[in-house]
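Colleague: Predicted structure and sequence below. I'll ask about it afterward.
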Amino acid sequence: MRGLVGALLLLFPAAFRRKFGAEMLATFDRRWQEQPGWRLATRTALDLVLAAVQVRCSTHAPPVPHPKGDKVMTVLLQDLRFASRTLMRSPGFTVVALLTLALGIGVNTAMFSVAHAVLWRSFPYPHPERLAMVGEVDAHDPDNYWGASWPNLVDWRSRATSFELLAGVMHVQHILREGTNPIRISGAAVSYDFFQVMGVAPRMGRFFGQAEDRQGVPAVIVLSHRMWTELLGGDPAVLGRSIRFGPTSYTVTGVMPAGFEYRQSEFWTPLQQEIGPAEITHRNIWVLDPVGRLRSGISPAAAGREVEAIAAQIRQDHPETRRGLVVRAVPLPDALSRDLRPALLVLLGAVGFLLLIACGNIAGLMLVRGTARAKEMAIRRALGVGYARLLRQLLTESGVLAVVGGMAGIGLAFLATRSLGFLTRDPRLQSVPIDGSVLAFAAAITVATTILFGIVPAIGAARAGAAEALRSGHRAGGSRKHALAQQTMVVAEVALCLVLLAGAGLLLRSFHRLFEVNPGFRTERLVTLRIGLPLNYDSDASVNAFYRQVQDRLSVLPGVSASTIVSRLPITGGEGNGDIAIEGRPSAEGELGASTFRNVMPNYFDVMGIPLVRGRVLEDRDEGSSHHPVLINQGFAQRFWPGADPIGKRFKVGPRDGAQWQTIVGVVGDVRQIGLDSAAPFSTYQLLASGPQSRFELAVRAAGDAGTVMAAVQGALRKLDPALLIDNAKTMSERIDETVAPRRLNLLLFELFAGLALLLAAVGLYGVVAYSAGQRSHEFGIRMALGAQGGDVLRLVIGQGLKLALVGTAIGMTVTLYVTRLMTGLLFGVQPTDPPTLFAVAALLIAVALLACWIPAYRATRIAPVEALRIE
Amino acid sequence: MPDALKPADFHVLMALTQGPRHGYGLMKEVERESQGGVRLEIGSLYRLLARLLDSGLIEEADEDERRRYYRLSRLGHRVLKAEAARLAGLVELSRARKLLPEGRS
């Protein structure tokens, strides 16, 4: 609250603030201590806005008791004063209206600031609109991005004219061994022209050039500002220093400026030094994510078409590259936010609906007030106040409400964006700023809401015929027209609310569906770690010896029931894969699809709980076998040997000229390797001891508490070799949780918005029913005097409200069927028109509507007939 | 007839006849003396104080370290007296016309 007062103080002239600001805050603090609450908060806020305007006006004119200066100003001032006095006189109305407004404007501003920061932010590169990511994508599924191979990129570069420059970028990970614990950091191997594409200058030093972007020259590296300051302590003499990644030592040539950021890379090294010999020569290894700078005037789409023409020619000449792909060029800003875009747009739509509902509610409140004040208006008109003046005065009232509500909304948005950090670890959502454009947006929707909820009731109230209003006693003029407008608004609110509820329901159901998925292995009490061996394990024998030591140590650790080592655990993605070729089955390269591959210990399937379907698992004696025994998953077997026995069959995974023939010895169950929401891919498993690796993952099945076991395992490993890189120490459930975190966030936000919408719609419905019941209390009095029972009146009132709710639900359902289609991409295992979900949310809405109607209906039956009759 | 003082101004000046007050004290005093008829929140209160300071009706008393006190100036005192006399005149007139009950209330 103190913050709001502080913010409102900014409205005052600076001189005034300097003189009294601190004192005002102190005085407010004392007052707040004495009687905190919404009443005081609202009164103070309104009072501050009004006083600020008055002070500002009076500083222009000399301080005379009756300002005779600018007429417009005087009138405005009077209107303002009158408006805030009127608002303060009915604190109930004011508080409800302000809360509703603050909520509507707050969530919209918060969502807008997130969308602005992620989707439309200004990138730290000059002319970001001319940067585009180019690469091949699945022709039927453009979200399935393949990228480019090096030889293809070379051809694109030399033949395409749309680009000034087109650079190759390859994601790499290295282990940095500075200081006590080694850490894994991500970076990019880039062609020398990458920095020219980005158009930025180094903060210090220089970028590498063409002479260094080749094999066989000393390795160089450019550091991100963050890596330089946080990992290397901001050493000013960092240029020329060498950094070791594995066996290679890199000389630092430059440091990027702070704020330069490209896909969370911490360093950049020359592409030619990192890329492998196979990748240099093969057109069917898609390792690059190219990025280019377009010539001015060329659209990304046109550039994409040009490169596609070149790529089509290449596919003609090189059949092994045919995969049903097509080249797409996407503006870089879009490419970097591709994963968040659909959810953000849907959420923006949702808060837009919420704002409309809020406006409907406030308009409803204003209408009721307008009716109640019709007599006052009539008297004032009779006394000669002009129509325009009345209208302006009512609009001023909405304006004051909107300004205070808008300010509170901005405060709310500020809090909301700050608390996003607790909900997600996505770096793009960590520091969402409330900047100029966000404030402009908030101001714009504040003005828009004022017009939306203010104008119609104002016109109605100001126009009400004077004579008519005075004649018709307390049931003031125009009430029938008002009632219709009010009912229309409530129907619209209910309809909008149903759409939001349906969205939330569908997301909730998707989430449950996701957890019903069988991952293909047992996830409970599974402790996992990722390990990197230091350089001194330089032979297969030494690595294998280390594996055995780990197994020996862990097998005697208390609380550990079993442990196993694998090249890469399932679920967390980052799969390696290669083209399948099957012996005796001629096929074009890539025609049979690709398979993921893993190296495992013989006990892997036992420890993970992956069932053996056929044949046998791998055994220690398979080590070094010339048959290269391999296991495949069920999906693999069914695809290529349907109804037949695959045991003994041979196939290859990877480049045909290089890969070995492998002999199938068994079939195991399908595993969702990539994540719960992607189908189990083709998988192959070879013996780890035949191809030991220095980076691997460890899975430990705990007998008891996972936390204790995790600590014990880490301790044992450290004792084994203190130089080990150990990271990603998590339970399998935590890993799964991380993969569903974006969905969880969407769901949470959507549920929040739908819940608010339901609350607002219920309040709106309640308002209408209560108002109309109040209007008809005279009639109810007569009915009950004539012998009607309480139940009859109850039914009458509820029936009227329920009719509105049902009409709203029906309209909402129709809209829903069209609108939820837009969120198909966010759903999993459920159709956007899933009948049980839609039915359930409609039932919930009607149940809440019933409750909202029941309260005023019950009140109507409690009024004594005599009293009701006397009111007239 | 001199211009009437605004009710809020009058109450603030009135409250200060009892001695210097700080902002919060004034707020409470005005509310009490007007029997809740005039309620000043911080915005109006300080706007008013600024105006009264400008026109010389009140002045700042010696500050203690934490908050500022305001007191009636001599001009303020005179204005208040004039206003009180004007109000008293009105009351007498109202009585004479039988709009108010006789005697001291």
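Modeller: Yep, it's here. Residues are numbered from 1 along each chain as shown, chains lettered A, B, ... in the order given.
Colleague: all contacts plus neighbour counts: C-alpha atoms, from now on.
Modeller: Fine.
Colleague: where does A:Arg30 fall, phi/psi-wise?
Modeller: phi -70, psi -40 (degrees, to the nearest 10).
Colleague: May I have the strands that pair with the helix or strand in which A:Leu166 is found, each with its orientation?
Modeller: A:Leu166 is part of strand A:163-167 when elements are defined by DSSP states H and E. Paired strands of strand A:163-167, with direction, are strand A:291-294 (antiparallel) (DSSP bridges).
Colleague: what sits up against the partner strand?
Modeller: Contacts with strand A:291-294, where a contact means Cα atoms under 8 Å, 6 or more residues apart in numbering or on different chains, come from A:130-134, A:162-169, A:194, A:197-198, A:300, A:303, A:332.
Colleague: ok so, going back, only the C-alpha atoms, please, for the strand holding A:Leu166, written as PDB.
Modeller: What follows is strand A:163-167, C-alpha atoms only, in PDB (Å, rounded to 0.1, in the frame of the first residue of the first chain):
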ATOM      1  CA  PHE A 163      21.800 -13.000 -48.200                       C
ATOM      2  CA  GLU A 164      24.600 -10.600 -47.600                       C
ATOM      3  CA  LEU A 165      26.200 -13.300 -45.400                       C
ATOM      4  CA  LEU A 166      25.200 -16.800 -44.300                       C
ATOM      5  CA  ALA A 167      27.000 -18.300 -41.400                       C
END
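Colleague: Packing partners of the helix or strand following that strand?
Modeller: The element immediately downstream of strand A:163-167 (helix or strand, assigned by DSSP H and E) is strand A:169-176. On a contact count with 3 or more Cα pairs under 8 Å, 6 or more residues apart in numbering or on different chains; DSSP states H and E, strand A:169-176 meets strand A:183-190, strand A:242-245.
Colleague: Dump those strands into JSON lines; add mean pLDDT, mean neighbour count and distance to chain B as well.
Modeller: Converted to JSON lines, these look like this (pLDDT from 0 to 100; neighbours: other Cα atoms under 10 Å in any protein chain shown; distance: least, Cα to the nearest Cα, whole Å):
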{"stretch": "strand A:183-190", "mean pLDDT": "92", "mean neighbour count": "20", "distance to chain B": "54"}
{"stretch": "strand A:242-245", "mean pLDDT": "89", "mean neighbour count": "16", "distance to chain B": "58"}
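Colleague: And the strand holding A:Leu166, how far out from the chain middle?
Modeller: Centroid separation for strand A:163-167 versus its chain: 32 Å, with Cα atoms, centre = their mean, to the nearest Å.
Colleague: tell me which element whichever residue of chain B sits closest to chain A is part of?
Modeller: Closest approach between chain B and chain A, counting by Cα to the nearest Cα: B:Gly43, at 4.3 Å. B:Gly43 is part of helix B:42-54, with elements assigned from DSSP H and E.
Colleague: how about the residue of chain B closest to chain A, what does it touch?
Modeller: B:Gly43 touches A:24, A:44, A:47-52, counting by Cα under 8 Å, 6+ apart.
Colleague: element containing the residue of the stretch 351-500 of chain A found nearest chain B?
Modeller: Nearest residue of the stretch 351-500 of chain A to chain B: A:Val404, at 14.0 Å (Cα to the nearest Cα). Here A:Val404, judged by DSSP H and E, is contained in helix A:387-423.
Colleague: Let's test this: mean pLDDT of whichever helix or strand comes after that helix, rounded?
Modeller: Tracing the chain C-terminally past helix A:387-423 and defining elements by DSSP H and E, one meets helix A:436-463 next. For helix A:436-463, the mean per-residue pLDDT is 79.
Colleague: what angle separates helix A:436-463 from helix A:387-423?
Modeller: Interaxial angle of helix A:436-463 relative to helix A:387-423 (axes from the mean of the first three to the mean of the last three Cα atoms, to 10 degrees): 140 degrees.
Colleague: Quick one: list the elements packing against helix A:436-463.
Modeller: Counting by 3+ Cα pairs under 8 Å, 6+ apart, helix A:436-463 packs on helix A:91-118, helix A:341-372, helix A:374-382, helix A:387-423.
Colleague: let's see it at 7 Å
Modeller: In terms of contacts (3 or more Cα pairs under 7 Å, 6 or more residues apart in numbering or on different chains; DSSP states H and E), helix A:436-463 is packed against helix A:91-118, helix A:341-372, helix A:387-423.
Colleague: can you list the residues of the stretch 1-150 of chain A near chain B?
Modeller: Selection of the stretch 1-150 of chain A residues close to chain B by Cα under 7 Å from any Cα of the partner chain yields A:23-24, A:27-28, A:44, A:47-48, A:51, A:55.
Colleague: One more pass at 6 Å, please.
Modeller: For the stretch 1-150 of chain A, the residues in contact with chain B (Cα under 6 Å from any Cα of the partner chain) are A:27, A:44, A:47-48, A:51.
Colleague: Check which residues of the strand holding A:Leu166 are buried.
Modeller: Buried residues in strand A:163-167, counted by 16 or more other Cα atoms under 10 Å in any protein chain shown: A:163, A:165-167.
Colleague: go on, stretch A:176-183?
Modeller: Buried residues in stretch A:176-183 (16+ other Cα under 10 Å): A:176-177, A:182-183.
Colleague: what's the span of that stretch from first residue to last?
Modeller: Terminal residues of stretch A:176-183 are spaced 5 Å apart (Cα to Cα, to the nearest Å).
Colleague: Tell me the gap between that stretch and the middle of its chain.
Modeller: The answer for stretch A:176-183 is 33 Å, by Cα atoms, centre = their mean.
Colleague: Equivalent analysis for stretch A:631-641, please.
Modeller: For stretch A:631-641, the distance to the chain centre is 37 Å (Cα atoms, centre = their mean).
Colleague: any chance you could map the helices in chain B?
Modeller: Along chain B, counting by DSSP state H, helices occupy B:7-16, B:23-33, B:42-54, B:74-96.
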